[in-house]
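> Fold the following and give me the result.
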Amino acid sequence: MAGETDLDALLQTLKPALVDGVFVFATVDAVPDGLVPRMVFREAEGVTLILLREEAETLGLPYEFPSRMITLDVHSSLEAVGFMARISTALAAKNMGVNPVAGFYHDHLFVPENRADDAMDVLHNIAAGRA
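Predicted coordinates:
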């Protein structure tokens with residue numbers, strides 16, 4: 001099933017959903033046995049993990065960027081043009097950093113833990129055509 005590529009349609013049908021838990025970013029040489037992180041990305045310098053803060057603390061992993069995950073509940077195409085640019089620009093206008101991750105079906109945003117409500121407001125305004 002192909003995702004949506006039309007920017008206006010993506011923005012108008014955008015339904016942000018705040019995911020439970022606080023997520024963090026960690027880097028390791030290999031994924032610890034038994035751990036099922038939200039994301040694994042292999043880079044030349046090491047393996048990046050996005051996982052729940054409690055999991056990182058239980059394993060004694062140093063981590064950065066305590067964040068909340070927002071799933072953009074619209075099936076965006078991996079080839080959609082301008083969708084993430086529009087969202088990240090609106091968040092930047094509110095002085096908010098964002099770490100986006102594209103999945104096959106949805107895009108996911110990791111925003112600073114204490115700015116989740118602000119980010120949700122921005123996203124709702126985008127969907128309503130007010131931003």
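> So the residue nearest the centre of the chain, which state does it fall into?
Residue closest to the average C-alpha location in the chain (Cα atoms, centre = their mean): residue 109, at 2.0 Å. Three-state call for residue 109 (DSSP: H, G, I helix; E, B strand; the rest coil): strand.
> which residues does the residue nearest to it when sequence neighbours are not counted contact?
Spatial nearest neighbour of residue 109, excluding adjacent residues (Cβ to Cβ, 6 or more residues apart in numbering): residue 70 at 4.5 Å. From N, CA and C alone the C-beta is placed, and that goes for glycine too. Contact analysis of residue 70 by Cβ atoms under 8 Å, 6 or more residues apart in numbering lists 16, 17, 18, 19, 108, 109, 110, 111, 116, 119, 120, 123.
> pLDDT and distance to residue 26 for these - can I get that in JSON lines?
Output for those, formatted as JSON lines (pLDDT from 0 to 100; distance: Cβ to Cβ, whole Å):
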{"residue": "16", "pLDDT": "93", "distance to residue 26": "25"}
{"residue": "17", "pLDDT": "95", "distance to residue 26": "24"}
{"residue": "18", "pLDDT": "97", "distance to residue 26": "22"}
{"residue": "19", "pLDDT": "97", "distance to residue 26": "18"}
{"residue": "108", "pLDDT": "94", "distance to residue 26": "17"}
{"residue": "109", "pLDDT": "96", "distance to residue 26": "19"}
{"residue": "110", "pLDDT": "97", "distance to residue 26": "13"}
{"residue": "111", "pLDDT": "97", "distance to residue 26": "18"}
{"residue": "116", "pLDDT": "97", "distance to residue 26": "20"}
{"residue": "119", "pLDDT": "97", "distance to residue 26": "22"}
{"residue": "120", "pLDDT": "96", "distance to residue 26": "25"}
{"residue": "123", "pLDDT": "93", "distance to residue 26": "26"}
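> Any chance of the residues you listed in TSV with distance to residue 33 as columns?
Formatted as TSV, the contacts of residue 70 follow (distance: Cβ to Cβ, whole Å):
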residue	distance to residue 33
16	34
17	31
18	30
19	25
108	25
109	30
110	25
111	30
116	31
119	34
120	36
123	37
